[in-house]
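S.K.: Next input, structure requested:
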Amino acid sequence: MSGVHMFLLALCAVHMLPTFVAGVTHVVVPCYNEETRLPQQKFLDFTADLENSEIRFTFVNDGSKDGTLKILNELAAQRPDQIAVFDMPQNGGKAEAVRNGMLHVLSKYNLETSDYVAFWDGDLATPLETLAPFISRLHSTPSLEMVFGARIALLGREIEREPGRHYLGRVFATLASTVLDLRIYDTQCGAKMFRATHDLWSVLSVPFTSGWIFDVELIARFKRMRAGSSKLPCEAIIYEYPLESWRDIAGSKLDFMSKINALYGLAKIWYDYFSPMASWTPVQVSLPNAPSIPKLEL
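M.R.: Here you go, the predicted model:
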């Protein structure tokens, strides 16, 4: 067989290999009274870079009482192809802002498994440049469905966290890991990205009941959906990405009682999803605009 024939056969073989093409990434940014805290220029600079042209932002105004909606509309006017605003007239809390915002983009843009949807804290405690490695990880590993930021203070990384919050956070993370029966380091980092699957629709289809620790409840729903099924376990579909940079931003809206209530929230999550009396069952998605998303062939 000639060298030309060998080359043509090799070329055909390459073209016959399965491919997984990355689509568009939609980032939901929940906002409540962020008029003086939102780093507007950073979002404008990021979207001005052509390398980020496949990343779109949807800012969710969660019933803000200041000028947040005005500045969000001004941002959208400057970048109409990459920035949109979803207005919730009544304040529902971060969990509802994230849930409704993600459902909004899943439906409006008919997202498929080649697309990704994330939620990201608007104060940019996690820099926007972190989106790229999240996207790369999902693209390079088709079996993954989620990438979560993990604030691990390793040498060579810039993780700036107030010591008291850090140690309280470690106690909470240990309790959350125990409730979930999942070896997860950081449930509460405000940077999370998901593949747009039917399971994601189901997880988001009904309101969360755990307040600001909704991240734990979201994971609990994914874990519950996989119990007794042939689907890959959560350990195989979640990747925790050790952040290169993260810093505490002044102006946290969580008070002492919110942190105390988090303990009750963990107990409720265990009761609702993992106890012998657990009653939560996945919702079968039948939304009119929900895309027909095929399962990944692994």
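S.K.: beta partners for the spatially most central residue of the chain?
M.R.: Of all residues in the chain, the one closest to the mean position by Cα atoms, centre = their mean is K192, 3.0 Å from it. Beta-bridge pairing of K192 under DSSP bridges involves F119, F148.
S.K.: can you give me the helices in the chain?
M.R.: Using DSSP state H, the helices of the chain run over 3-16, 40-48, 68-78, 94-108, 131-140, 163-180, 198-204, 214-226, 234-237, 256-273.
S.K.: list the contacts for M193?
M.R.: M193 makes contacts with 25, 116-118, 131, 134-135, 138, 146-148, as judged by Cβ atoms under 8 Å, 6 or more residues apart in numbering. (Each C-beta comes from the backbone N, C-alpha and C, glycine too.)
S.K.: In ChimeraX, select just the buried ones from the residues you listed.
M.R.: In ChimeraX syntax, the buried subset of these is picked out as below (16 or more other Cβ atoms under 10 Å):
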select :25,116,117,118,131,134,135,138,146,147,148
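S.K.: contacting residues around stretch 157-168?
M.R.: 151-153, 169, 242-248, 259.
S.K.: Just flag the most distant two among the residues you listed.
M.R.: Using Cβ to Cβ, those span at most 27.4 Å, a distance reached by E244 and K259.
S.K.: now what about stretch 132-141, what contacts it?
M.R.: Applying Cβ under 8 Å, 6+ apart, the contact partners of stretch 132-141 are 20, 22, 25, 55, 116, 118, 144, 147, 149, 191, 193, 195, 239, 241.
S.K.: and P233, how far is that from L138?
M.R.: Plainly put, P233 is 18 Å away from L138 if you go by Cβ to Cβ, to the nearest Å.
S.K.: Now do the buried residues in stretch 39-55.
M.R.: By neighbour count on 16+ other Cβ under 10 Å, the buried set for stretch 39-55 is 43, 46-47, 52, 55.
S.K.: Span of that stretch from start to end?
M.R.: Taking Cα to Cα, to the nearest Å, the first and last residues of stretch 39-55 lie 17 Å apart.
S.K.: cool, stretch 56-74 as well?
M.R.: End-to-end for stretch 56-74, by Cα to Cα: 16 Å.
S.K.: Okay, buried residues for it please.
M.R.: 56-64, 68-69, 71-72.
S.K.: still on that earlier bit, would you mind giving the helices of the chain as JSON lines with distance to V85 and mean pLDDT added?
M.R.: Below are the helices of the chain laid out as JSON lines (distance: least, Cβ to Cβ, whole Å; pLDDT from 0 to 100):
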{"stretch": "helix 3-16", "distance to V85": "42", "mean pLDDT": "43"}
{"stretch": "helix 40-48", "distance to V85": "12", "mean pLDDT": "98"}
{"stretch": "helix 68-78", "distance to V85": "5", "mean pLDDT": "98"}
{"stretch": "helix 94-108", "distance to V85": "10", "mean pLDDT": "97"}
{"stretch": "helix 131-140", "distance to V85": "19", "mean pLDDT": "98"}
{"stretch": "helix 163-180", "distance to V85": "31", "mean pLDDT": "90"}
{"stretch": "helix 198-204", "distance to V85": "20", "mean pLDDT": "96"}
{"stretch": "helix 214-226", "distance to V85": "22", "mean pLDDT": "96"}
{"stretch": "helix 234-237", "distance to V85": "31", "mean pLDDT": "97"}
{"stretch": "helix 256-273", "distance to V85": "27", "mean pLDDT": "86"}
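S.K.: Make a markdown table from those helices and add distance to D123 to it.
M.R.: Shown next, in a markdown table, are the helices of the chain (distance: least, Cβ to Cβ, whole Å):
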| stretch | distance to D123 |
| --- | --- |
| helix 3-16 | 45 |
| helix 40-48 | 10 |
| helix 68-78 | 13 |
| helix 94-108 | 12 |
| helix 131-140 | 15 |
| helix 163-180 | 14 |
| helix 198-204 | 23 |
| helix 214-226 | 17 |
| helix 234-237 | 28 |
| helix 256-273 | 17 |
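S.K.: Can you tell me which of those is nearest to N33?
M.R.: Closest of the helices of the chain to N33 is helix 68-78, at 6.0 Å (criterion: Cβ to Cβ).
S.K.: neighbouring contacts of the closest one?
M.R.: So helix 68-78 is contacted by 31-35, 38, 40, 43-44, 59, 61, 83-85, 87 (Cβ under 8 Å, 6+ apart).
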